[in-house]
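Colleague: got a sequence here, can you build the structure:
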Amino acid sequence: MADRVIRITTAFAVIAVAVVAAIISYRHAYELVHSHGESGTTARLVPFTVDGLIWAASMVILDASRRKQPAPALAKWSLTVGIVATVGANVAHGLNHGLIGALVSAWPALALVGSFELLMMLTRNATSRPAPVPSERAEVEQSPEQAVLAEYFASLDGPGRPLSQRYLAEKHGIDRRKVKQILASTEQHAPQ
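Modeller: Below is the predicted model:
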């Protein structure tokens, strides 16, 4: 129970800081874009493209992490570029007030990125439970059909959609139709 309370209160704190930082960072970026010749809809939307890029890249990295795959290079690059752009825009906004003004203006962007990445860490940690260490004997005795079923049922406990038949077929070297039959047979024998 204590772990759950810690995670929930941490999530609320991270979200609160992210919302406040996002509002301030957006205002700084908007004023910078507006002061450099853009107006109207363009000036209002450009700041969203920066933070939207950070969001999208982080989601792709989170998805790769959940699937235990390496993060795509484009996602890492996009996250880096987005962070540099949002911090740079906030620093540029505050430069008129000297070094201290630039640092003060940069803080909301750093707080936004930091709190967002903390939220991603909470999400990754909540979805990834340590896998039990199987014994060598269990690995030898488990058939491909049992491995498919075990992995499929494990994916039902996590957030998001269950593993696809195509993924299971490729991973276990079984024909996709065979995977479909395995999964269908368990649905027929399930208690109603």
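
Colleague: average pLDDT for whichever helix or strand Arg4 is part of?
Modeller: Using DSSP states H and E, the element containing Arg4 is helix 2-35. Mean pLDDT, computed over helix 2-35, is 87.

Colleague: list the buried ones in the helix or strand just after that helix?
Modeller: For helix 2-35, the following helix or strand on the C-terminal side (DSSP H and E) is helix 40-66. Going by neighbour count (16 or more other C-beta atoms under 10 Å), the buried part of helix 40-66 is 43, 46-47, 50-51, 53-54, 57-58, 60-62, 65. For every residue, glycine as well, the C-beta is placed using N, CA and C.

Colleague: which neighbouring elements make contact with helix 40-66?
Modeller: Where contact means 3 or more C-beta pairs under 8 Å, 6 or more residues apart in numbering; DSSP states H and E, helix 40-66 is packed against helix 2-35, helix 73-94, helix 98-127.

Colleague: dump those helices to a markdown table, plus mean neighbour count.
Modeller: Shown next, in a markdown table, are the helices and strands packed on helix 40-66 (neighbours: other C-beta atoms under 10 Å):
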| stretch | mean neighbour count |
| --- | --- |
| helix 2-35 | 15 |
| helix 73-94 | 18 |
| helix 98-127 | 17 |
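
Colleague: adding distance to Ala147, write the ones you listed out as CSV.
Modeller: Shown next, in CSV, are the helices and strands packed on helix 40-66 (distance: least, C-beta to C-beta, whole Å):
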stretch, distance to Ala147
helix 2-35, 31
helix 73-94, 29
helix 98-127, 21
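
Colleague: who wins for proximity to Arg177 among the ones you listed?
Modeller: Among the helices and strands packed on helix 40-66, the nearest to Arg177 by C-beta to C-beta is helix 98-127 (30.2 Å).
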